[in-house]
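Asker: Quick check, what structure comes out for this input:
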Amino acid sequence: MRALRFLVAASLAAAGTAPATLLMATPAAHAASTTPQTVPALQSWSPGTGSFAWTPASRVVIDPAYSDQLSGDANTFATDLSALEGRTVAVAQGTPNPGDIALTLGGSQPTEGYTMTVGDSISIQGSTTTGEFWGTRTALQLLHQSPTITAGTATDAPAKSERGLMVDTGRNFFPVGWIENQIRDMSYLKMNYLHLHLSDTYGFRLESDTHPEITSAQHYSKQDIADIVALGNQYHVMIVPEIDMPGHTDAILSGELSIGNDYRLKDSSGNASSSYIDLSIPGARTLMSDLINEYLPLFTNSPYWHLGADEYVTDYSAYPQLLAYAQQNYGPNATAKDTYYGFVNWADSLVRGNPTAPKTMRMWNDGIGSGDGTITPNADIIVEFWANGALTPQQLIDAGHTVANASWTPTYYVYGGAKPNTTWMYQSWNPDLFESTHTIDNPAANLGSLIHVWCDNPSAETVDQTAENLKYPLRDLAQMTWGSPKLTTTYADFVPIMDAIGRDPLWPGSQPQSHDLALGQPTTASSVENGTSFTPDLATDGNPATRWSSDYSDPQWLQVDLGTTHTVTEVKLSWETAYASAFQIQVSDDATTWTTIYSTTTGTGGTQDLTGLNGTGRYIRMYGTTRATQWGYSLWSFEVYGT
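Answerer: Numbering: from 1, shown residues only. Model (predicted):
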């Protein structure tokens, strides 16, 4: 996501609506009076007689014939229901009683399809565990709205196989807890695809054994990724990695320069690019091969590897070494652009040929030209269409590629720039309508679409603000990619339905028993940044856009009077750029004698959700001992949860 994406997206968003030529037919609306409210809406609903009632004795019941396949989903479902209901929901095997929800397999539904039959109990059946699990999401949404569900039968399956979210964590680091919250909330909407854009201008976000010099201070350890993938497996969400090459390699190139390896692409005048890696240098090829092979086995639930391959060179004539490389390797008639195409196919062979974790490769579309080389990208590469280029989506399909719709309108969410036009998305768009009115004649060749979060201006908002702002676009996209008849014709009427189904039950603050104990409580601090209005109360006012900031010295503290004694089980800190690398969370009965319930010397900043705490007191404070920057300590919010 670069300047071109930002400018065009901004101009379209400013227009408010799309040109009339973009208006496409969409599925007919349900009769809202008969179909239960879910997001996405059900493909079909046949009303029955009577109703289902959820009671304090209700359980999740597994068909014993499929206990091995269903036990994981049943336990996850029960965990979600327990958070929703504020009690422990039991899992059992056998025959359901009235008020129980039974899970089973079998039938001839599509891969992600299911049948849900509602009577005095609920039966959810899928031909696969994914289909069955999506049925549990429907039941969860309905119970979120009411303990009583009208009787009937739902038959449901998606139109598009990929529905989800892309996050540019290369430019702006998104903490593990933030990613995990999105996985659960996506799954709540039956969205199954999380694309992590892990490298770009400001960061390389993966721990590396082969090239530790390129890893940024804020990054994911390999255990972090394993935990994220495990949660993805639990919630049926694939985690797809992207390490962007051969453009947008700023962080990689900078890391290599730090140890004496200059892989920057230089033009004929000797000017070096900070973003482009030189594909003619053998060491650069070795570096990229090392990274691909190191991380392919890490993302175990993804069948894909995303190369990026966007926005590389525009004027190939400025780089004679690329022409020389192409003619040496691809023949005397090769063009400089063939070095790029050859690289793409070389990477494809690495990805597909990896001995332990072969995958299908994906790339952005903008680098694929027409008639500018003697080589073309392998047809087995999936192409994600975001920008108008030499080839239309239909021409890419005709060339043998499967495509995905990554068009900036309406899927782009740009830090400091355009945001998805949710009204137009809901009322006029469909996933087979690509940028600039491009359409295709074979919808099966289009896998689906994502909301794309591009962090061009990382300081434009906080990750908490992003999470809040993604709520409606994700639900809008979930409806459009599922492709079911809409419950309402207008987006304005769809908003109350989205509000009614809410967030997934484990979303922070969603639990009925969960309340921010610090919200609005008296808050004091060791200092306030000199001459500013960043006072302590702004960290506990519930507004994610206001903050407290301290003087530029160690130590510093922020303290909250909770009013009465509480048992603290969770503290959530949302740091501004000035964060603590070392700090403690402490509780006290008298604001004099303090007990430490959490301590770290490796703070990462961003949003830190500290769970599993156990401490009792009326007062709680963040006690910072080491600043991570030259500035003080600064918190957008300081939240406290417990009993």
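Asker: which element follows the lowest-mean-pLDDT helix or strand in the chain toward the C-terminus?
Answerer: Confidence across the helices and strands of the chain bottoms out at helix 3-15, with a mean of 35, counting by mean pLDDT, DSSP states H and E. Where DSSP states H and E defines the elements, the next helix or strand beyond helix 3-15 is strand 44-53.
Asker: Summarise which helices and strands that next one is packed against.
Answerer: strand 114-118, strand 148-156 (3 or more C-beta pairs under 8 Å, 6 or more residues apart in numbering; DSSP states H and E). For every residue, glycine as well, the C-beta is placed using N, CA and C.
Asker: looking at those strands, which is buried most?
Answerer: Between the helices and strands packed on strand 44-53, strand 114-118 has the highest mean count of neighbours, a mean of 24, where neighbours are mean count of other C-beta atoms under 10 Å.
Asker: What strands line up against that one, and which way round?
Answerer: If you go by DSSP bridges, strand 114-118 pairs up with strand 122-126 (antiparallel), strand 148-156 (antiparallel).
Asker: ok now it, how far from the chain's centre?
Answerer: Taking C-alpha atoms, centre = their mean, to the nearest Å, one finds strand 114-118 lying 29 Å from the centre of the chain it belongs to.
Asker: That strand to strand 44-53, inter-axis angle?
Answerer: Our comparison of strand 114-118 with strand 44-53, counting by axes from the mean of the first three to the mean of the last three C-alpha atoms, to 10 degrees, yields an angle of 40 degrees.
Asker: about what we covered before: is it possible to export the strands paired with strand 114-118 to TSV including distance to I597 and mean pLDDT?
Answerer: As requested, these are arranged in TSV below (distance: least, C-beta to C-beta, whole Å; pLDDT from 0 to 100):
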stretch	distance to I597	mean pLDDT
strand 122-126	41	98
strand 148-156	41	96
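Asker: Any chance of JSON lines for the ones you listed, columns distance to S370?
Answerer: Output for those, formatted as JSON lines (distance: least, C-beta to C-beta, whole Å):
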{"stretch": "strand 122-126", "distance to S370": "43"}
{"stretch": "strand 148-156", "distance to S370": "41"}
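Asker: nearest to Y304, of these?
Answerer: With C-beta to C-beta as the criterion, Y304 lies closest to strand 122-126 of the strands paired with strand 114-118, at 23.4 Å.
Asker: which other residues reach the closest one?
Answerer: Taking C-beta atoms under 8 Å, 6 or more residues apart in numbering as the criterion, the residues outside strand 122-126 that touch it are 52, 96, 100-107, 109, 113-117, 132-136, 138-139, 149.
Asker: Restricted to strands, list the residues you listed.
Answerer: 52, 101-105, 114-117, 149 (DSSP state E).
Asker: now, among those, which is nearest to A309?
Answerer: For the ones in strands among the contacts of strand 122-126, the residue nearest A309 by C-beta to C-beta is Y114; the value is 36.8 Å.
Asker: Mind listing the strands whichever strand in the chain runs longest pairs with, and their directions?
Answerer: Identified as the longest strand of the chain according to DSSP E is strand 556-575. For strand 556-575, sheet partners with direction are given as strand 523-525 (antiparallel), strand 607-610 (antiparallel), strand 615-627 (antiparallel), strand 634-642 (antiparallel), following DSSP bridges.
Asker: S459: neighbouring residues, count only.
Answerer: Taking other C-beta atoms under 10 Å as the neighbour definition, S459 ends up with a count of 11.
Asker: Confirm that it lies within a helix, as I assumed.
Answerer: Yes. Assignment of S459 by DSSP: H, G, I helix; E, B strand; the rest coil places it within a helix.
Asker: so who does it touch?
Answerer: Listed by C-beta under 8 Å, 6+ apart, the contact partners of S459 are T577.
Asker: Quick check: it vs Y202, distance?
Answerer: As judged by C-beta to C-beta, to the nearest Å, S459 and Y202 stand 11 Å apart.
Asker: among the strands paired with strand 114-118, which is nearest I183?
Answerer: I183 lies closest, by C-beta to C-beta, to one member of these: strand 122-126, at 20.1 Å.
Asker: Next, the buried residues of that closest one.
Answerer: Residues 122-126 are the ones in strand 122-126 that count as buried (16 or more other C-beta atoms under 10 Å).
Asker: Not counting sequence-adjacent ones, nearest residue to I179?
Answerer: Distances taken as C-beta to C-beta, 6 or more residues apart in numbering put I228 closest to I179, at 5.7 Å, once the chain neighbours are dropped.
Asker: what about the one you found, how many neighbours?
Answerer: 21.
Asker: quick one: what helix or strand has it in it?
Answerer: Using DSSP H and E, I228 falls in helix 222-234.
Asker: At which residues are the helices of the stretch 301-450 of the chain located?
Answerer: Applying DSSP state H, counting those that start in this stretch to the stretch 301-450 of the chain gives helices spanning 320-330, 337-353, 393-398, 408-411, 422-428.
Asker: Hmm, A57 is touching G99, no?
Answerer: Yes. With contact defined as C-beta atoms under 8 Å, A57 and G99 form a contacting pair (6.2 Å).
Asker: Mind checking which of these two has more residues around it?
Answerer: More neighbours surround G99 than the other of A57 and G99, with 17 against 10 (other C-beta under 10 Å).
Asker: if I pick that one, what's in contact with it?
Answerer: If a contact means C-beta under 8 Å, 6+ apart, then G99 has 52-55, 57-59, 120-121 as its contacts.
Asker: a markdown table for these, including pLDDT and distance to S208?
Answerer: As requested, the contacts of G99 are exported to a markdown table (pLDDT from 0 to 100; distance: C-beta to C-beta, whole Å):
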| residue | pLDDT | distance to S208 |
| --- | --- | --- |
| F52 | 96 | 51 |
| A53 | 94 | 54 |
| W54 | 94 | 48 |
| T55 | 92 | 52 |
| A57 | 93 | 52 |
| S58 | 96 | 48 |
| R59 | 97 | 46 |
| D120 | 97 | 56 |
| S121 | 98 | 51 |
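Asker: contacting residues around the helix or strand that contains I292?
Answerer: In this structure, I292 sits in helix 282-295 according to DSSP H and E. Residues from elsewhere that reach helix 282-295 (C-beta under 8 Å, 6+ apart): 206, 208-211, 241, 243, 245-246, 252, 256, 261, 263, 277-279, 305, 346-347, 350-351, 354.
Asker: again with stretch 479-490
Answerer: Here stretch 479-490 has contacts from 26-30, 32, 35, 37, 39-43, 156, 158-160, 162-163, 190-191, 425-427, 429-431, 448-449, 494, 497, using C-beta under 8 Å, 6+ apart.
Asker: Next, the residues that contact stretch 330-343 from outside, please.
Answerer: Taking C-beta under 8 Å, 6+ apart as the criterion, the residues outside stretch 330-343 that touch it are 246, 279-280, 309, 312-313, 316-317, 319-320, 322-323, 325-327, 329, 367, 369, 372-377.
Asker: Just give the nearest non-adjacent residue to A157, would you?
Answerer: For A157, ignoring the flanking residues on the chain, the nearest one in space by C-beta to C-beta, 6+ apart is G113 at 3.1 Å.
Asker: pretty sure that neighbour contacts A159?
Answerer: No. Look at G113 against A159 with C-beta under 8 Å: they stay out of range, at 11.1 Å.
Asker: In terms of neighbours, single out the busier of these two.
Answerer: Between G113 and A159, G113 has the larger neighbour count (other C-beta under 10 Å), namely 22 against 19.
Asker: which stretches of the stretch 401-550 of the chain form strands?
Answerer: Per DSSP state E, counting those that start in this stretch, the stretch 401-550 of the chain carries strands over the ranges 403-405, 412-414, 446-454, 523-525, 548-549.
Asker: T535 is nearest to which of those?
Answerer: Short answer: strand 548-549, nearest of the strands of the stretch 401-550 of the chain by C-beta to C-beta, at 6.4 Å.
Asker: what about that closest one, average pLDDT?
Answerer: Taken as a whole, strand 548-549 has a mean pLDDT of 95.
Asker: and what of stretch 613-621?
Answerer: For stretch 613-621, the per-residue pLDDT values average out at 94.
Asker: Could you list the buried residues of that stretch?
Answerer: 613, 615, 617-621.
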